[in-house]
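**Student:** predicted coordinates and the sequence they were generated for:
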Amino acid sequence: MSAFKKLFKQTAIYGLATVMPRMLSFLLVRIHTDSDVLQSVADYGVVSKIYAWFVIFNVILAYGMETAFFRFYHKEKNKENIVSTSTTSLLFSSVVFLILGLLFKEQIAYLTNLKVEYITLVVWILMLDALVIIPFAWLRAMEKPMRYAVIKILNVVVNLGLNIFFLLFLEGMAAKSSFWNSIYIPNFEINYIFIANLIASTSTLALMLPFYVKVQYQFDKVLWKKMLKYAFPVLIAGIAFSINEAFDRLLLDFILPKDISETAIGMYSACYKLGLFMMLFATAYRLGIEPYFFSHASSDNPQKNYAKILEFFVIFGSVILLVVVVFADVLKVIFIGDEVYWEAMSIVPIILMANFCLGIYHNLSVWYKITDRTKFGAYISVAGAIITLILNFALIPIISYKGSAIATLAAYGSMMLLSFYFGRKYYPIPYNLKKIGLYMLVSVLLSVLIFYVFNRNLYIGTMFVLLFLLMILLLEKNELKKILKRT
């Protein structure tokens, strides 16, 4: 049980590092969707498109080295060699990307239908973010979650603070001061958003400079090839995953008529954010358990603990799903600035369920990571990407962004089922399927009823939440007693 206590302690801290920045980023959604900030919903659609490209290129620039770092750091004795080789590799590739990106920014702007000035900012931000991948992975491997959390939170605080300054105060200050007037540029809001991001990324790298000072910069070519071989399927899986996560915005832009595409992307992206409450929890949980999976892979009967970890995840995830669906109308008022965006609220339960399936998939994926069968992660993610692309092309012309939401659920649900199927074959884990299935079924059923049948009635929804919590309490009372006795 001490291992579980340590796991939950680290998950709580990583959760703080994940949830706090994301919660602060919800304030950015509130600012960006305010009609007094960006000129139109279409402008927010442009911002969302750019961040969709961020998701894809963040994966490419990491090329699976973070996961490879964890695997080899716990596997090899010469840990300094792992750190220096992976750091050198990412440092070199990031600088090459920066040079190529700036050289060909005109061509990139043409292909992506974005302004060149946006491309310049994006290239710099992507390079800076790539340079902190291994330092953050090292902090996790060294089990320094507090330092990890502080730096992550500072990044978003800087980003949020500068967004508030640039978008809410600078114009008024420019009217009263010649100094601020020399900085202020009218109709420059989208640029200001990414300038704030650039400064935040620079600050994060500056805080990581002590790591770069300590690294020996020894490059082991043999080790590097081994790491790349391990990382390549992770890269393919990551690209496929990024298609599942973000490509729908780009497809909406490609498939829908140009006069409505960016507006549709803006509404879809704003309401999609409410579905990220589940992703916050799932990401925090994954950050906590991933080092645990690797470090306990050689212990006695780790499968039993892995099964219990998934059970805990499903219980918490089921509660989050139902609570967010019940209070969706309250959340939209808090986090989305203008009512025009609310038109896309119908996607919220679908995106929540999709992210729930994704969280379960990440828990199930332990089998191919610790058995070095990372190619299955690639196969499964590619299958999900194919489903995403097919359903988006089929459904967007008919039901617009609702088709993208359905495609996301279908993709993540399929990935979850495929991982479970192959996991039973190659690394059997004794999951309590009856209990897991019961929690998921009841949570999804109640969520569908309250959102689509009872028209989001808050009183009925609150009753559903209380009844569901009572059910969990009754079914888990013995487990709770054991936990309480050990604390």
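**Tutor:** Perfect, thanks for sending it.

**Student:** tell me which helix or strand Gly423 sits in.
**Tutor:** Assigned by DSSP states H and E, Gly423 belongs to helix 401-426.

**Student:** let me know the next secondary structure element after that helix.
**Tutor:** Taking DSSP H and E, what comes next after helix 401-426 is helix 433-448.

**Student:** report the angle between the next helix or strand after that next one and helix 433-448.
**Tutor:** Toward the C-terminus, helix 433-448 is succeeded by helix 458-475 as the next helix or strand (DSSP H and E). Interaxial angle, helix 458-475 versus helix 433-448 (axes from the mean of the first three to the mean of the last three C-alpha atoms, to 10 degrees): 170 degrees.

**Student:** which residue packs closest to Ile153, ignoring adjacent ones?
**Tutor:** Excluding the flanking residues, the one nearest Ile153 by C-beta to C-beta, 6 or more residues apart in numbering is Met20, at 5.1 Å. Where C-beta positions appear, they are placed from N, C-alpha and C, glycine not excepted.

**Student:** the one you found contacts Leu160, correct?
**Tutor:** No. Shown here, Met20 and Leu160 do not form a contact pair, counting by C-beta atoms under 8 Å, at 10.8 Å.

**Student:** and those two? Which one has more around it.
**Tutor:** Neighbours were counted for Met20 and for Leu160 using other C-beta atoms under 10 Å; Leu160 has more, 19 against 16.

**Student:** next helix or strand past the strand or helix carrying Ile309?
**Tutor:** Using DSSP H and E, the element containing Ile309 is helix 302-326. The helix or strand immediately downstream of helix 302-326 is helix 328-335, counting by DSSP H and E.

**Student:** which element follows that following helix toward the C-terminus?
**Tutor:** The helix or strand immediately downstream of helix 328-335 is helix 348-364, counting by DSSP H and E.

**Student:** could you point out the helix or strand that follows that next one?
**Tutor:** Following helix 348-364 in sequence, per DSSP H and E, is helix 366-370.

**Student:** measure the closest residue to Thr120 other than its chain neighbours to Ser201 for me?
**Tutor:** Distances taken as C-beta to C-beta, 6+ apart place Lys105 nearest to Thr120, at 5.8 Å, with adjacent residues excluded. From Lys105 across to Ser201, the span is 18 Å (C-beta to C-beta, to the nearest Å).

**Student:** between those two, which is the more surrounded one?
**Tutor:** More crowded of Lys105 and Ser201, by other C-beta under 10 Å: Ser201, with 22 against 17.

**Student:** for the more buried one, what is the enclosing helix or strand?
**Tutor:** helix 189-207.

**Student:** average pLDDT for that helix?
**Tutor:** Per-residue pLDDT values across helix 189-207 average out to 96.

**Student:** what residues sit buried inside the helix or strand just after that helix?
**Tutor:** Going down the chain from helix 189-207, the next helix or strand is helix 209-214, by DSSP H and E. For helix 209-214, the neighbour count (16 or more other C-beta atoms under 10 Å) marks Phe211 as buried.

**Student:** who are the packing partners of the next helix or strand after helix 209-214?
**Tutor:** Going down the chain from helix 209-214, the next helix or strand is helix 221-255, by DSSP H and E. Secondary structure elements in contact with helix 221-255, counted by 3 or more C-beta pairs under 8 Å, 6 or more residues apart in numbering; DSSP states H and E, are helix 41-62, helix 65-75, helix 79-103, helix 258-272, helix 374-399, helix 401-426.

**Student:** buried residues, helix 221-255. List them.
**Tutor:** Of all the residues in helix 221-255, those buried under the rule 16+ other C-beta under 10 Å are 223-224, 226-227, 230-253, 255.

**Student:** Gln39 contacts Asn187, correct?
**Tutor:** Yes. Under the criterion of C-beta under 8 Å, Gln39 makes contact with Asn187 at 7.3 Å.
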